[in-house]
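Student: The following block contains a protein sequence and its predicted model.
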Amino acid sequence: MSEKTRLFAFHCGGDRADLAVFDPFDAEVGRKVYEPWFFYVVSHPRGVVVFDTGVHPELIADPRSRIGEWADLVELEMSAGDDVVSQLGSIELRPEDVDHVVLSHMHFDHVSALDLFRHAPIWVQRTELAFARAPSAYQSGVYLADDFAGEFDWRLLDGPVDFFDDGFLELIPTPGHSPGHQSALVNLDGGALLLLADATYQIDKMRQRRLPAVIWNPDAMVASWELLEWLEKREGAQLFCSHDRDFRKRMKLAPEAWYE
């Protein structure tokens, strides 16, 4: 891969979810819609960063082996080639070529393939790792301990960080969906991108201040939305969220296209 700064947005399949997941008060609650999953690859002369982990190959081949009873509860829509190994290979990378992993948070759809990156430093907010290891009852189901069991090179963060100390990649706490959720501001030559992850599921719902179903603290989420919109205006940034139903209209999809 070139040493130019680039961002690749990988759509790694998804699932079908009730509109109540996006907004419990949506007028069409009861209708199921496609919910995409995403991960991102950020290339920089000082290293390759994966933002969230994509999908483990075994999740596609045998969902129950990776997510247990969720395999019966979640209607996955994933195909061969949607896994992180295949998708990294499409830009001539292997998991072992990744220098750093940044986790927006640790729900199972964001850390599915974490065990493929045990060689790399894993950057996560300290509050998120603590909560993932002992979640409250209302979120216990979305943290699967097997995803992050064993030895990892945890790099625990206590707030924002300028990742490469050059303003290119900034990690920004955006709690609400989970206590240690973080987003990323990527300052490319062609313009700034804000990777919201699950700070919101839908841009329009954020604008309307309509809260999603899976939430840790509603006041914290609204405060994070205000911060993100302030950053959007300050940086002139495009906003990407990981479950955006309108992703095909908004995003350049890897490997055929990228941002630089």
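Tutor: It's in.
Student: start to end distance for stretch 165-173?
Tutor: Stretch 165-173 has an end-to-end distance of 17 Å (criterion: Cα to Cα, to the nearest Å).
Student: all helices of the stretch 151-260 of the chain, in order?
Tutor: Listed in chain order, the helices of the stretch 151-260 of the chain (DSSP state H, counting those that start in this stretch) span 203-207, 218-235, 247-250.
Student: Dump the C-alpha coordinates for the shortest one into CSV.
Tutor: Extracted in CSV, the C-alpha atoms of helix 247-250 (Å, rounded to 0.1, in the frame of the first residue of the first chain):
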residue,chain,number,x,y,z
PHE,A,247,-24.4,4.5,3.3
ARG,A,248,-24.4,3.8,-0.5
LYS,A,249,-25.5,7.4,-1.1
ARG,A,250,-23.0,9.0,1.3
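Student: buried set for that helix?
Tutor: For helix 247-250, burial by neighbour count (16 or more other Cβ atoms under 10 Å) applies to residue 247. For every residue, glycine as well, the C-beta is placed using N, CA and C.
Student: who's residue 100 bridged to?
Tutor: residue 49 (DSSP bridges).
Student: ok, it touching residue 117?
Tutor: No: using Cβ atoms under 8 Å, residue 100 is not in contact with residue 117, being 9.0 Å away.
Student: Please enumerate the shared neighbours of the two.
Tutor: By the contact definition Cβ atoms under 8 Å, 6 or more residues apart in numbering, residue 100 and residue 117 are jointly contacted by residue 50.
Student: rewinding a little: could you dump the helices of the stretch 151-260 of the chain into CSV and include distance to residue 32 and mean pLDDT?
Tutor: Formatted as CSV, the helices of the stretch 151-260 of the chain follow (distance: least, Cβ to Cβ, whole Å; pLDDT from 0 to 100):
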stretch, distance to residue 32, mean pLDDT
helix 203-207, 17, 98
helix 218-235, 24, 98
helix 247-250, 17, 95
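Student: do you know which of those helices lies nearest residue 5?
Tutor: Shortest distance between residue 5 and the helices of the stretch 151-260 of the chain, using Cβ to Cβ, is found for helix 218-235: 15.4 Å.
Student: returning to that earlier point: same list (the helices of the stretch 151-260 of the chain) but as a markdown table, adding distance to residue 11.
Tutor: Formatted as a markdown table, those follow (distance: least, Cβ to Cβ, whole Å):
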| stretch | distance to residue 11 |
| --- | --- |
| helix 203-207 | 17 |
| helix 218-235 | 22 |
| helix 247-250 | 7 |
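Student: Tell me which of the ones you listed approaches residue 86 most closely.
Tutor: Per Cβ to Cβ, nearest to residue 86 of the helices of the stretch 151-260 of the chain: helix 247-250, 19.0 Å.
Student: What is the closest one packed up against?
Tutor: strand 238-241 (3 or more Cβ pairs under 8 Å, 6 or more residues apart in numbering; DSSP states H and E).
Student: Pull the residues that contact the strand it packs on.
Tutor: 9, 38, 191-203, 228, 232, 247, 250-251.
Student: residue contacts, the closest residue to residue 209 other than its chain neighbours?
Tutor: With sequence-adjacent residues excluded and distances taken as Cβ to Cβ, 6 or more residues apart in numbering, residue 209 is closest to residue 222, at 6.4 Å. Contact partners of residue 222, counting by Cβ under 8 Å, 6+ apart, are 176, 209, 211.
Student: ok, of these, which come out buried?
Tutor: For these, a neighbour count by 16+ other Cβ under 10 Å gives the buried set as 176, 211.
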